[in-house]
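# Below is the sequence, then the predicted model.
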Amino acid sequence: MKKFSELSEQEVLALAITNEEEDSRIYRGFAEGLRAQFPSSAKVFDEMAEEEVTHRSMLYDLYRARFGEYLPLIRRQDVKGFMQAKKPLWLMRPLGLDEVRKFAEEMEFEAERFYRKAAESARDASVRELLITLAEAEAGHESLAHKLSETILTPGAREKEDETARRMFLLQYVQPGLVGLMDGSVSTLAPLFAAAFATHSTWETFLVGMAASVGAGISMGFAEALSDDGSLTGRGTPWLRGTVSGVMTTIGGLGHTLPYLIPDFWIATFVAIFVVVIELAVISWIRYRYMDTPFLQAAFQIVVGGALVFIAGILIGHG
């Protein structure tokens, strides 16, 4: 690897050409990844990709005039201490709109910095002038997204895309997480309190709660992951939904299990019951906030279900 300061003028131009070509393909990848769900933003990235192609043509014309047809292969990862290889976000599906926009802003900032640094070391006046011009263009990209948004990403289009992003967030994170939290909080009540009132041992109750929580988390994770591949429903990748659902299920069970680390049985039980009330209130709020369920209706449904399971556990424990 070479330091940037060790690059010749020919190598700097070759690196700039490679960078522009790579950035253009990244923007194309963003456009393709966003096109189905966010067509207006996809068009913005199509325009940005075209501008990068224009920059590459300007650079290559100057390069041929100065150095001929041979173009050495030099890439970001070949240069030490300057531009680092990017995480391949453009290959991931589904693409998050906010994450892509932030990534693009960072790309343009890096590109501007590269051109200004390259212009400082350029000896030829025409090379230096072009590099400065491109630096200014990349600085303008800091809000090429804003500039293009004025004509492409109109308020109506942005509102529609924001609603799509909200719906995808609900499908991929909130819904599987809520299902897991409800299952973990409610389904583990019966075995936990049955063990508590059958043994009056906090440690044994804790072990039962841990086993029930972890087992339920693994079961729910696999069940959610295997329910569908997300290709038609837009619910995201199976491993993502399975992970969210499994983790939230485990958390839901652990909340009222951890109090049984308290040695005193009755104190631990009262703390556990208090935690259950908090859990049910949180679940009711999430349903109210994200699932458009009236809060009192959500609370009534959750509390009735939780109370029935709780009573069943106590009765079984006393039996």
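Perfect, I can see it now. Bear in mind the structure is a predicted one, so any value in this text is a computation, not a measurement. Numbers count the residues shown, from 1 in each chain.

# Tell me the pLDDT of residue 258.
Listed pLDDT for residue 258 reads 90.

# mind listing what it touches?
Residue 258 sits next to 206, 275 when contact means C-beta atoms under 8 Å, 6 or more residues apart in numbering. Using the backbone N, CA and C atoms, a C-beta is placed for each residue, glycine as well.

# go with 10 Å
The neighbours of residue 258, taking C-beta atoms under 10 Å, 6 or more residues apart in numbering as the test, are 206, 209, 210, 213, 268, 271, 272, 275.

# quick one: which of those residues is nearest residue 39?
Residue 39 lies nearest to residue 213 out of the contacts of residue 258, by C-beta to C-beta, at 43.0 Å.

# need the contact list for that closest one.
184-185, 187-188, 191-192, 249-258.

# Can you say which helix or strand has the closest residue to it other than its chain neighbours in it?
In this structure, residue 213 finds its nearest non-sequential neighbour in residue 253, 2.8 Å apart by C-beta to C-beta, 6 or more residues apart in numbering. Element membership for residue 253 (DSSP states H and E) is helix 238-255.

# Give me the mean pLDDT for that helix.
Per-residue scores along helix 238-255 average to 83.

# can you check stretch 70-80 too?
Averaged over stretch 70-80, pLDDT sits at 82.

# Can you list the buried residues in the helix holding residue 253?
Buried positions in helix 238-255, judged by neighbour count with 16 or more other C-beta atoms under 10 Å: 238, 240-255.

# Can you give the distance from whichever strand or helix holds residue 223 to the centre of its chain?
Per DSSP H and E: residue 223 is located in helix 202-227. With C-alpha atoms, centre = their mean, to the nearest Å as the basis, helix 202-227 stands 26 Å off its chain's centre.

# go on, stretch 50-68?
Counting by C-alpha atoms, centre = their mean, stretch 50-68 is centred 36 Å from the centre of its parent chain.

# got the buried residues for it?
Residues of stretch 50-68 classed as buried by neighbour count (16+ other C-beta under 10 Å): 51, 52, 53, 55, 56, 58, 59, 60, 62, 63, 67.

# Give me the nearest residue to the third one, chain neighbours excluded.
This means residue 53. In space, and not counting its chain neighbours, residue 53 is closest to residue 24: 5.2 Å by C-beta to C-beta, 6+ apart.

# On the pLDDT front, check residue 165 for me.
64.

# hmm, back to that, would a markdown table of the buried residues of stretch 50-68 with secondary structure, pLDDT and distance to residue 308 be doable?
Shown next, in a markdown table, are those (DSSP: H, G, I helix; E, B strand; the rest coil; pLDDT from 0 to 100; distance: C-beta to C-beta, whole Å):
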| residue | secondary structure | pLDDT | distance to residue 308 |
| --- | --- | --- | --- |
| 51 | helix | 86 | 62 |
| 52 | helix | 87 | 61 |
| 53 | helix | 90 | 64 |
| 55 | helix | 86 | 66 |
| 56 | helix | 88 | 67 |
| 58 | helix | 88 | 71 |
| 59 | helix | 87 | 70 |
| 60 | helix | 89 | 72 |
| 62 | helix | 85 | 76 |
| 63 | helix | 88 | 75 |
| 67 | helix | 87 | 79 |
